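1. Give me coordinates for this.
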Amino acid sequence: MPISKHMNEHEASSGYIKTAAHNYVSRQAIIHNPRNVEMKGKSIILPDAIVRGDFATVRMGRYCCIGTNTILRPCHSRLANKLDEVAFVPLTIGNHTRIGNNCVIEAAAIGASVFVGNGCVLSKRCIVKDCCYIDPGTVVVDDMVIPPFSIVSGCPGRIVGELPESSAVELVNQGVDAFTQFLHDQK
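-> Below you'll find the predicted structure:
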């Protein structure tokens, strides 16, 4: 691949594309219709992740991380007046949210400072509010709304506990630390 005038030799040889807002997108990730994928800055999309911007807009806040083999797919809903038609709902992910490896995300919204463990499924139209922890392997059912500071686990996902209020700060710090560690590992 030829090195463009906007890319230095290290960026051309690395496995990531760095955007102007300091987002890092793996060259092995698949982004369908990137014009509909908005990343606010300092976010990471790891290898083999799939982002389906061709269905509806996908918006990610700052310091987000999307894990390897994870699929972000905006959910759909049947139109009330036309039962044979569907409409896709934009997917919004808040700041400092980390989504693990091998996840399938069809949620309507994921709040800020949320941790989603490896192998989770967030089913159609579910809403995860701010400062939540989703245990690895959890399956959140369609249309479930998870309140702030919840710990969710199981199949189907159930609220099994509550995070302390201090976790709001801890989850922000963990998101920034994960981004800093990623940058360090790239050198």
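2. hey, let's count contacts and neighbours off CA atoms from now on
-> Will do.
3. Hmm, residue 69 is touching residue 101, no?
-> Yes. In this structure, residue 69 sits in contact with residue 101. The criterion is Cα atoms under 8 Å, and the distance is 5.8 Å.
4. which one of the two has more residues nearby?
-> When neighbours are counted by other Cα atoms under 10 Å, residue 69 and residue 101 differ, and residue 101 comes out ahead with 22 against 19.
5. May I have the phi/psi pair for the more buried one?
-> Here is the backbone geometry of residue 101 (degrees, to the nearest 10): phi -80, psi 150.
6. quick one: contacts for it?
-> 66-70, 117-119 (Cα atoms under 8 Å, 6 or more residues apart in numbering).
7. Could you find the closest non-adjacent residue to it?
-> Taking Cα to Cα, 6 or more residues apart in numbering as the measure, residue 101 lies nearest to residue 67, with 4.2 Å between them; neighbours along the chain are not counted.
8. Give the bridge partners for residue 162, please.
-> With DSSP bridges as the criterion, the beta-bridge partners of residue 162 are residue 150.
9. and the gap between the closest residue to residue 145 other than its chain neighbours and residue 60?
-> Nearest-residue entry for residue 145: residue 127, 4.7 Å, with adjacent residues in sequence omitted and distances by Cα to Cα, 6+ apart. Residue 127 sits 15 Å away from residue 60, going by Cα to Cα, to the nearest Å.
10. cool, residue 175 as well?
-> To residue 60, residue 175 is 13 Å away according to Cα to Cα.
11. Phi first, then psi, for residue 175.
-> Taking degrees, to the nearest 10, you get phi -60, psi -40 for the backbone angles of residue 175.
12. oh, I was asking about residue 178
-> Main-chain torsions, residue 178, degrees, to the nearest 10: phi -60, psi -40.
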